[in-house]
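Engineer: Need a 3D model of the sequence below.
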Amino acid sequence: MDFVGYIFLLKSGGDKLPQEVSPLFDGFDSIKKRELELDANGNGDPNESQKSRYTISFSDKHFRKFTKMKMSSSSIFNLLLETSRVEFKLAFPVRLIMGEGKKGKPAMEEKWYPMNVYSRLFEIACINTDVRKDGIVQKRQYRLYFNTILAELFVHNLLTRNYDWVNSDLYNLPPSAQVFYRRFLLHHNYPKEQLSMSLIIREMNFTDKNMTNLVRNLEMNTLNPLVRRGLILSYEKLEGLNEEKYVFVLPGKKKQEKEQG
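Structural biologist: Model (predicted):
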C-alpha cells in the first residue's frame with residue numbers, strides 16, 4: 001500500500017507530489033452518503049456504485065523500482081491480487097478539515113469513522129504484456145480501481161497529505177523490524193524514544209512467555225536490523241520504576257531524507 005499510495009500521489013500531482021490539500025470528504029455525513037452509494041447490498045444507486053472516481057496504472061517495472069525488490073511478475077501479481085481480496089470492517093482514522101489553521105493552512109483533526117460494511121482496498125485488473133512461448137508471463141500492466149469506501153477513505157487521507165515516507169530498504173528488513181518501525185518510530189521526529197516492555201509486547205503481539213527468549217528475539221530480529229539500517233542509532237534496556245524499558249537514540253528525519261536522496 002506504500003507503493004499504491006505513492007503511484008496515486010504521483011498521478012494526482014502530474015508526476016510529482018501534490019502540494020495542495022484536496023480532500024474527498026468534508027465530514028462524516030459525506031462519508032456516510034458515499035458509503036451508501038458504494039454499498040452493492042444497500043439502498044444506494046446501483047449505477048453510482050459502479051463508478052470509480054480514481055484509478056492508477058503501473059507496470060512490474062514501476063513496482064520493482066519503488067520497492068527495490070527483485071520479484072517476478074507472477075509474485076507481484078499474486079501480492080496485489082491477495083491484497084485486493086482482503087475485506088475489512090473497522091473504524092478507520094480519517095483526516096478532516098476543521099477550519100483554518102496557522103498561516104492560512106487548513107487545520108486538520110483525525111477522527112475515527114466506523115465503517116458499516118465490509119470493504120476492500122481496491123479492485124485490480126491486469127494485461128499480460130510479455131508472454132513466453134511456454135506460457136510464462138514475464139511482464140504485466142496493472143490498473144487499480146479505488147471504488148470502495150475503504151479505498152476512497154485511503155485516497156482521502158493521501159489527498160490531505162496524511163502520510164509518512166519510508167525508505168525502500170525497509171522492505172528488505174525482517175517483518176518484525178518493519179512492524180516495529182511503523183508502529184513506534186515512523187510518525188515522529190524525536191531524538192529519543194522510551195518504550196516500556198509491556199507496551200512493546202502488546203503492540204507487537206508477542207506471545208512468548210519466556211522473557212529471556214522474547215528479549216533475545218526482539219533484539220536479534222527486530223532492533224539489531226534497524227540499527228544496522230541506521231533507523232535506530234542505538235538502544236539500551238534499563239530498569240524503570242515498575243518494569244524494564246528500552247531507550248532508543250534515533251536519527252533525525254531530515255537527515256534520513258537527505259540520505260535517501
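Engineer: contacts for stretch 144-154?
Structural biologist: With Cβ atoms under 8 Å, 6 or more residues apart in numbering as the test, stretch 144-154 has contacts from 1, 4-5, 8, 24-25, 31, 34-35, 38-39, 50-57, 80, 84, 88, 92, 94, 113, 115, 117, 119-125, 155. Glycine gets a C-beta too; all of them are placed from N, C-alpha and C.
Engineer: out of those, which are buried?
Structural biologist: 4, 8, 24-25, 31, 34-35, 38-39, 54, 56, 80, 84, 92, 94, 113, 115, 117, 119-124, 155 (16 or more other Cβ atoms under 10 Å).
Engineer: Let me see the contact set for the residue nearest to Lys89 when sequence neighbours are not counted.
Structural biologist: In space, and not counting its chain neighbours, Lys89 is closest to Tyr118: 4.7 Å by Cβ to Cβ, 6 or more residues apart in numbering. Going by Cβ under 8 Å, 6+ apart, Tyr118 touches 87-89.
Engineer: how far away is Tyr118 from Met69?
Structural biologist: Note on Tyr118: its distance to Met69, by Cβ to Cβ, to the nearest Å, is 30 Å.
Engineer: again with Tyr190
Structural biologist: From Tyr190 to Met69 the distance is 30 Å (Cβ to Cβ).
Engineer: Compare those two and say which is more crowded by neighbours.
Structural biologist: A direct count of neighbours by other Cβ atoms under 10 Å for Tyr190 and Met69 places Met69 higher, at 15 against 11.
Engineer: Model confidence at that one, what's the number?
Structural biologist: The score at Met69 is 87. That number is its pLDDT.
Engineer: quick one, what contacts it?
Structural biologist: The contact partners of Met69, taken as Cβ under 8 Å, 6+ apart, are 63, 171-172.
Engineer: Apply 7 Å and report the result again.
Structural biologist: For Met69, the contacting residues are Tyr171, by Cβ atoms under 7 Å, 6 or more residues apart in numbering.
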